[in-house]
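Undergrad: Output the structure for:
(one chain, ligands or ions: 4)
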Amino acid sequence: MNNPMPSPLPASPALADYHTHTPLCHHAEGWPADYARQAVARGLAELGFADHSPMPAALEPFDDWRMALADLPRYFDAVEQARAAFPQLPIRLGLEVDYIAGHEAWIEELAGKAPWDYLIGSVHYIAPGWDVDNPAHISRFQTHPVEEIWRMYFDAFEKAIRSRLFDFVGHPDLPKKFGHRPSGDLRRFYDPVIAALAETGTAFELNTAGLRKPIGECYPSFDFLKLAREAGVGLLINSDAHAPEEVGAGFETAAALAREAGYTEVLRWKKRACTKAAL
Ligand code: ZN
Ligand code: FE
Ligand code: FE
Ligand code: ZN
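TA: Ligands and ions are numbered 1, 2, ... in the order given. Modelled structure (predicted):
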């Protein structure tokens, strides 16, 4: 039992945290009501859940880190319990959907399975059986050039954005997680993705989980953030919490970065419609 006192959030009373997980994905701890307690203690304006999306039953067992389709009703119940326990806190229902090329029809089917407030599009798989952020595959950074790994990831990420299936996309430069970054000007990776975001009206998140990983910085990098701001792309700040104490973690750092990049607003979502809040 460890239940540390949440640290206060002085800077950003208006922030929401829309990227949080539940034990249904088999690698997160704490139920939605526990996350909601932390959100209230930190003074967050809203909380949203976005657990790892189920795969169609025919593709199971797909991997060991996502919800089972049969567990969706438990997910909805757990979010409802949090709403009942903390009626003062707006709690949104979302999903972190794995974008995999060829799965578009399944993602459309998922989109119809609940009155989602938002769908996050994330790329973890850069090839079949290769989820780029999984420590089980870290040795592939020794057997493949990092340039190639980043190219595979960013090509998939651009496809995810251009599918127009998502309200915003998750952790834009995820392959840097363990510290692997190509040399030179990384705009060759960022520019096509930012153009896709601007053209499709898709937003992205500044995800603080990277602060807790070997790379030690938010996803995406500050350079990406500045370019996205210049292109008029909408922003959210999210923790990607896999435990209640991570709700709102790193938000002071992220809000300062976003303001420095020129952002003055963050986006909120309800029933897949977007509004703006001051940053
Ligand atoms: Zn996860
Ligand atoms: Fe993810
Ligand atoms: Fe996540
Ligand atoms: Zn994530």
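
Undergrad: Would it be right to say that R74 lies in a helix?
TA: Yes - secondary structure of R74 (DSSP: H, G, I helix; E, B strand; the rest coil): part of a helix.

Undergrad: Let me know how buried the closest residue to it other than its chain neighbours is, in neighbour terms.
TA: The spatial neighbour of R74 that comes closest, neighbours along the chain excluded (CB to CB, 6 or more residues apart in numbering), is L24 at 6.2 Å. Bear in mind the C-beta positions are built from the backbone N, C-alpha and C, glycine included. L24: 19 surrounding residues under other CB atoms under 10 Å.

Undergrad: tell me the contacts of Y75?
TA: Shown in contact with Y75 (CB atoms under 8 Å, 6 or more residues apart in numbering): 22, 24, 49, 51, 67.

Undergrad: mind running it again at 10 Å?
TA: Counting by CB atoms under 10 Å, 6 or more residues apart in numbering, Y75 makes contact with 22, 24-25, 32, 49, 51, 54, 67-68, 93, 95, 114.

Undergrad: now the helices: where do they sit in the stretch 51-200 of the chain?
TA: 72-85, 104-111, 140-143, 146-162, 187-200 (DSSP state H, counting those that start in this stretch).

Undergrad: Output the ones you listed in TSV, with mean pLDDT and distance to R181 appended to each entry.
TA: Formatted as TSV, the helices of the stretch 51-200 of the chain follow (pLDDT from 0 to 100; distance: least, CB to CB, whole Å):
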stretch	mean pLDDT	distance to R181
helix 72-85	98	35
helix 104-111	98	29
helix 140-143	97	11
helix 146-162	98	7
helix 187-200	98	10
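
Undergrad: would you list these in a markdown table and tack on distance to ligand 4?
TA: Formatted as a markdown table, the helices of the stretch 51-200 of the chain follow (distance: least, CB to the ion, whole Å):
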| stretch | distance to ligand 4 |
| --- | --- |
| helix 72-85 | 16 |
| helix 104-111 | 16 |
| helix 140-143 | 19 |
| helix 146-162 | 13 |
| helix 187-200 | 17 |
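
Undergrad: can you list the contacts of Y75 in a markdown table and add pLDDT?
TA: Listed next are the contacts of Y75 as a markdown table, based on pLDDT from 0 to 100:
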| residue | pLDDT |
| --- | --- |
| T22 | 98 |
| L24 | 98 |
| C25 | 98 |
| P32 | 98 |
| F49 | 99 |
| D51 | 98 |
| P54 | 98 |
| M67 | 98 |
| A68 | 98 |
| L93 | 99 |
| L95 | 98 |
| A114 | 98 |
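
Undergrad: Show the buried residues in those.
TA: Buried members of those, scored by 16 or more other CB atoms under 10 Å, are 22, 24-25, 32, 49, 51, 54, 67-68, 93, 95.

Undergrad: Keep only the residues you listed that also lie close to ligand 4.
TA: By CB under 5 Å from the ion, no member of the buried ones among the contacts of Y75 lies near ligand 4.

Undergrad: Cool, thanks, signing off.
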